[in-house]
Every structure is written in C-alpha cells, then in structure tokens.
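S.K.: Sharing a model prediction with you, sequence too.
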Amino acid sequence: MNTAPQEMALVPSDFDPPLDPGIASAVIILRQANIETYESCEGGDGHAYPYPAIRFHGGQPEGFRALAIALYHDLPISSLRRVWSIQDREPTGPTWELEFYRKIG
C-alpha cells in the first residue's frame, strides 16, 4: 500500500495573486521541486521588475539546487544572485533571486 501523499499539479491561479503568465511555468517547476518561492514577476513595463525574476528562500545550497533544477528544465537563466533587501533602513536577508533573459512560455 502506497502511503505517500499524492502530488497535486499546480496552476497559475493557485497563487494569490495569480502568477504572471510569462513566469508561471518557471515558478511551478521550482515549487514542485520544493523550492520556497515568495515573489515572481514576468518583468517589463508596468511590472515590479524590468526583467523576469523569481525570488526564493533558503540557505547557501538552495540557490545552487534551484539553479540546477532551472538548468535541467532548460529555463533561460541570465543570473543567480543573493539579495539583501533594505527594510526600515536595515539589510534583511539574504534571499535568492533567479533572473531570466526573456519571458517563459
């Protein structure tokens, strides 16, 4: 008898707010690999970022694990970086950011 939980397929509307169409498939790939994403944007005019990006939590190995997953899925990655946000004039973080050179999907 298989007692492992059934993996549910994620769709962009499962997120609140729903994912931008130009980054949704990449977020879903990372989330299904248990990468704890917390922010994403397809980038461009009228968006929070000028480029498609996904931010996620995790220690030092998590960034490289996310990078490996993204490369395996042939996602158009342009950079991986550690990010310290400034909140109330203090650095907060670090977290990770994957930047893409074009929208995905």
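M.R.: Everything's here; your move. Residues are numbered from 1 along each chain as shown.

S.K.: From now on I want contacts and neighbour counts done on CA atoms only, so please keep to that.
M.R.: Noted.

S.K.: give the contact list for the closest residue to residue 24 other than its chain neighbours.
M.R.: Once flanking residues are discounted, residue 24 sits nearest to residue 12: 5.9 Å by CA to CA, 6 or more residues apart in numbering. With contacts defined as CA atoms under 8 Å, 6 or more residues apart in numbering, residue 12 is in contact with 18-21, 24-25, 28.

S.K.: Please report how far residue 12 lies from residue 62.
M.R.: 23 Å (CA to CA, to the nearest Å).

S.K.: again with residue 21
M.R.: Applying CA to CA to residue 21 and residue 62 gives a distance of 25 Å.

S.K.: cool, residue 92 as well?
M.R.: Residue 92 is 18 Å from residue 62, by CA to CA.

S.K.: Likewise for residue 94?
M.R.: On the measure of CA to CA, residue 94 and residue 62 end up 12 Å apart.

S.K.: Run the chain-centre distance for the longest helix seen in the chain.
M.R.: For the chain, the helix reaching the highest residue count under DSSP state H is reported as helix 60-72. With CA atoms, centre = their mean, to the nearest Å as the basis, helix 60-72 stands 11 Å off its chain's centre.

S.K.: which other helices and strands contact it?
M.R.: Other elements packing on helix 60-72 under the criterion 3 or more CA pairs under 8 Å, 6 or more residues apart in numbering; DSSP states H and E are helix 24-32, strand 77-87.

S.K.: Distance of residue 11 relative to residue 88?
M.R.: In terms of CA to CA, residue 11 sits 35 Å off from residue 88.

S.K.: More neighbours: which of those two?
M.R.: The residue with more neighbours, out of residue 11 and residue 88, is residue 11; 13 against 7, by other CA atoms under 10 Å.

S.K.: Now do the contacts for the more buried one.
M.R.: So residue 11 contacts residue 28 (CA under 8 Å, 6+ apart).

S.K.: Residues in contact with stretch 33-47: which ones?
M.R.: 19-23, 27, 30-31, 48-58, 62, 66, 69, 103.
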